[in-house]
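> just a sequence and a predicted model for now, questions to come.
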Amino acid sequence: MSVSTLLSVTQILAGAAIMLYSIVRSLGIRSAVPGTLRGKWLTIILLMVFFFFGYLLFVGNLVTGGLLPLELVTGTIFMGGAFFVYGVIHISDISIHEIRKKSTALEVEIAERNVRDEQRLRHQAGLEQLDRCTRRLIAAAADSPTFLETLCSGLRELVDADLALVPIGDHDGETFTYQAALGLHAEKVRRQSIPIHEGGLCGWVFQNGETLCLPDLQGDCRVKQELAQELGVTTGLIAPLFQGDQVIGGLSAFRRQRPFDATDAELLTLFSQRASIAYGNMKLLESLEQRVAERTAELEEKNLQLQRNQSRLDHLAHHDPLTDLPNRLLCQDRLEHAMAKARRSGHSVALLFLDLDRFKKINDSLGHAIGDRVLCEVARRLRGSLRESDTVARMGGDEFVIVLEMLRDGQDVSGIARKILDQLAAPVVIENHEMYLTTSIGISLHPEDGATIDDLMKAADVAMYRAKDAGRNTFQFYRPEMNARTHELLLLEGRLRRAIDEGHLVLHYQPQFDLGSRRLVGFEALLRWQPPGEPMISPADFIPLAEDSGLIVPIGEWVLRTACAQNLAWQRQGFSPVRMAVNISPRQFRQSSFIETVDQVLRQSGLDSGWLELEITESCAMENVEATIESLAHLKKRGIHLAIDDFGTGFSSLNYLKRFPISKLKIDRSFVRDINHDPNDAAIAASVIALGRSMNLEVVAEGVETEDQVAFLCSEGCRLGQGFLMGRPLPVDQAEKYLQAASSAG
Ligand SMILES: Nc1nc2c(ncn2[C@@H]2O[C@@H]3COP(=O)(O)O[C@H]4[C@@H](O)[C@H](n5cnc6c(=O)[nH]c(N)nc65)O[C@@H]4COP(=O)(O)O[C@H]3[C@H]2O)c(=O)[nH]1
């Protein structure tokens, strides 16, 4: 066999083997072709070369008529065909494999891309949800509870949790409380306080301040397994809430299925960051609001206080602080309204002016504290006697005013005035002191007695003085002629002032005797007002006026000076010295300069103080007893004699009497007058005499007009007397006759 035949046979056999292999492989047997042949393009090019070469050989053979042996051509063609078959089969095999491979890779890629897309979508949706939740949070930032509830519901929606919890750290720093809880068994944990170190996942976040995603709770030591089982949750996610660097709470979410993943964790982290800021803002707002609320409350309280103070001030401005009755201001206001109403309705208004009789004595003898309580009691009784619509006001001191509205006639007023007198008649008992009060009431009516407040007040005042003149404890309606009397008094005051300046005042002297021996023992200086060409004016008519106007002070000093000078003059004329008694008015006695005045008068006149006797009335002595005792002591120290005048008419307390450094009591002439006819007067006179004797005091009976009176007085042991029987008050020249008689009698 030739080489070419051998080559052809070999080619045919190799081609057949390759074809067989390719066919078998194409039937499913894995290719054992070396990897280098697997290159698709290389295989096709090789096939094309072999096939083309074979074709050229074949065509060349045909054309040239057989340049090459047929076997070689056939073998080459067969070989090329085999390779072609192999190539085709192998390429298709390679392509299918590659396609399969690529398709798998593509599937994986598509799956991955889907997952990524899904995650991106979920992330995107989560972000949108996050924005919505954040907006809701900001909108809900009114107060902590609302905020935390909104936060919790946002958390639940954001990560689709079955249970959402918002633990917030407590003030103690040791515990936290589930301030909000939503979802599965939320009520079990809501408002529960738990120590941080026992707080499971929530406790963990307080300690670590990080987001923690636990796809599977089971077996994790940070989780309270029993609780997780009880709640039926399998996966958890928690993120911290911060304020500055400090963890102040957390957002925790749990699900029963579908483990939480990184997207959830990322969303929750973002949400917790925003929630931290919103929570901080809310807290700031809350504290601001609280401060505003506190400040507002403080201001409201201050405003209230201001209003209370204002109304208290208003009240004080219009009420008497002692009795809480309306004061003068409010009274005038009410009177004005009442008058306006009366003008419209045709009714009358009555104004009652009340002045308590002798209230000063209570005040002076029992002290101001008791005096004040008496005034309160009077206020209470007055208020109780009248209708609610009537006004009772205190004008000051012991003066009260009553305004009665809508009256038909004066008859109504008389009834009310009587009722008031009756009400006040009941004794007032304060601290064991039983006091009997009376009052004098002056009444004026509108429109009859005055069109203005001033006129009405003046009219009621004038009527009140007439009630006093009429014996007190009564009421008087104003009458126009009363004004004339007031006018008269005003004129009198003017004239008295002129009388002092022009020397129209003179002293008369009334002798005082020893009733037994009828020996002259002294004189009492008595003031007289002698206007030129007019009848003499009685001291009883002008002394009260002088007392009220204060003129009594200069007048009294003049009397003292004149009486001392006269007594010394008589002594210098050679008459036997006698004592000169001078009346001292209460106002004069209360002058702080009184002792000084007496000293000065004695010094200037040169009269020995032992020949001067000062008389103060019983009521004057009892006004401010301690001051009286002190003044009397000073006078006594100077050797001046002291006598209590009008004894028996006042309310002397024996306790005080024995403390007065006096030497004489003068029985008031009202008791002496009926001494022989009225057993009461006789008893009083006898008692005063006995009292004087027991206290080692001289007793002088005033107003002795009959021998019977002398006999009675002597029988009771009264040594001294003064009266028309033995001598009237006389001018100097006539008084001297008594001195002459006494001197000549030796
Ligand atoms: N019916 C009657 N009356 C008699 C009798 N004996 C004396 N009198 C009057 O009784 C008054 C005695 O004076 P008095 O009690 O101190 O009462 C005095 C005294 O309180 C006061 N008074 C008089 N002069 C002064 C004075 O210089 N200063 C002060 N402060 N008061 C004076 O005026 C009051 C009245 O003085 P007078 O009118 O002078 O009235 C005198 C006198 O005239 C009598 O037998 N029958």
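In hand now; what should we look at? Residues are numbered from 1 along each chain as shown.
> measure the nearest residue to residue 585 once chain neighbours are set aside to residue 271 for me?
Take residue 585 and drop its neighbours on the chain: the residue closest to it by C-beta to C-beta, 6 or more residues apart in numbering is residue 552, 4.6 Å away. (C-beta placed from N, C-alpha, C; glycine too.) Distance of residue 552 to residue 271, computed by C-beta to C-beta, to the nearest Å: 100 Å.
> and the residue nearest to residue 585, what does it touch?
543, 546, 585, 587-588 (C-beta atoms under 8 Å, 6 or more residues apart in numbering).
> near the ligand, which residues of the stretch 601-746 of the chain?
645-646, 669, 702-705, 722-724, 729 (C-beta under 6 Å from any ligand atom).
> which among those residues count as buried?
Taking 16 or more other C-beta atoms under 10 Å as the criterion, what is buried in these is 645-646, 669, 702-704, 722-723, 729.
> so for the residues you listed, which is the shakiest by pLDDT?
Within those, residue 646 has the lowest pLDDT, namely 86.
> so what's it up against?
617-619, 666, 668.
> can you tell me which of these end up in strands?
617, 666 (DSSP state E).
> most neighbours of all the contacts of residue 646, which one?
Neighbour counts for these (other C-beta atoms under 10 Å) peak at residue 666, which has 26 neighbours.
> for it, give the beta-bridge partners.
With DSSP bridges applied, residue 666 shows beta-bridge pairing to residue 700.
> isn't residue 370 right next to residue 431, touching?
Yes - the pair formed by residue 370 and residue 431 meets the contact definition of C-beta atoms under 8 Å, at 6.6 Å.
> neighbour count: those two, which is higher?
Per other C-beta under 10 Å, whichever of residue 370 and residue 431 has more neighbours is residue 370, with 17 against 9.
> among the contacts of residue 552, which ones lie close to the ligand?
Answer for the contacts of residue 552 near the ligand (C-beta under 6 Å from any ligand atom): 543, 585.
> in a markdown table, list the contacts of residue 552 along with secondary structure.
Shown next, in a markdown table, are the contacts of residue 552 (DSSP: H, G, I helix; E, B strand; the rest coil):
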| residue | secondary structure |
| --- | --- |
| 543 | helix |
| 546 | helix |
| 585 | coil |
| 587 | helix |
| 588 | helix |
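> out of the contacts of residue 552, which is nearest to residue 9?
Using C-beta to C-beta, the shortest approach to residue 9 within the contacts of residue 552 belongs to residue 587, at 178.1 Å.
> correct me, but that closest one touches residue 550?
Yes - contact criterion C-beta under 8 Å: residue 587 and residue 550 qualify, at 6.8 Å.
> give me the more crowded residue out of these two.
residue 587 (18 against 11).
> tell me the pLDDT at that one?
Reported pLDDT for residue 587: 88.
> residues touching it, list them.
547, 550, 552-553.
> so what does the closest residue to residue 532 other than its chain neighbours look like in phi/psi?
Once flanking residues are discounted, residue 532 sits nearest to residue 504: 6.8 Å by C-beta to C-beta, 6+ apart. Phi and psi for residue 504, reported as degrees, to the nearest 10, are phi -90, psi 10.
> residue 550 versus residue 504, what's the distance?
19 Å.
> check residue 299 too.
For residue 299, the distance to residue 550 - C-beta to C-beta - is 55 Å.
> which of the contacts of residue 552 sits closest to the ligand?
Using C-beta to the nearest ligand atom, residue 585 comes nearest to the ligand of these, at 3.8 Å.
> how about the closest one, what does it touch?
Counted by C-beta under 8 Å, 6+ apart, residue 585 has contacts 543, 546-547, 552, 556, 620.
> repeat the analysis, applying 10 Å as the threshold.
By C-beta atoms under 10 Å, 6 or more residues apart in numbering, residue 585 lies in contact with 543-544, 546-547, 552-553, 555-556, 559, 591, 616-617, 620.
> nearest to residue 158, of the buried ones among the residues of the stretch 601-746 of the chain next to the ligand?
Among these, and counting by C-beta to C-beta, the member closest to residue 158 is residue 646, at 107.2 Å.
> in space, what's closest to the closest one - neighbours in sequence excluded?
residue 668 (4.4 Å).
> just give me the residue closest to the centre of this structure.
residue 305 (3.9 Å; C-alpha atoms, centre = their mean).
> which helix or strand contains that residue?
Here residue 305, judged by DSSP states H and E, is contained in helix 262-318.
> now do that helix: which elements does it pack against?
helix 70-139, helix 144-158, strand 163-169, strand 212-214, strand 235-243, strand 246-255, helix 328-345 (3 or more C-beta pairs under 10 Å, 6 or more residues apart in numbering; DSSP states H and E).
> against residue 235, how distant is residue 654?
Relative to residue 235, and taking C-beta to C-beta, residue 654 is found at 108 Å.
> meant to ask about residue 308
64 Å.
> so what's the closest residue to residue 461 other than its chain neighbours up against?
Distances taken as C-beta to C-beta, 6+ apart put residue 353 closest to residue 461, at 5.4 Å, once the chain neighbours are dropped. Counting by C-beta under 10 Å, 6+ apart, residue 353 touches 395, 399-402, 440-444, 456-465, 467, 475-476, 478.
> one more: residue 170?
176-177, 179, 193-196.
> widest-spaced pair of those residues?
Top of the distance list for the contacts of residue 170 (C-beta to C-beta): 179 and 195, 16.0 Å.
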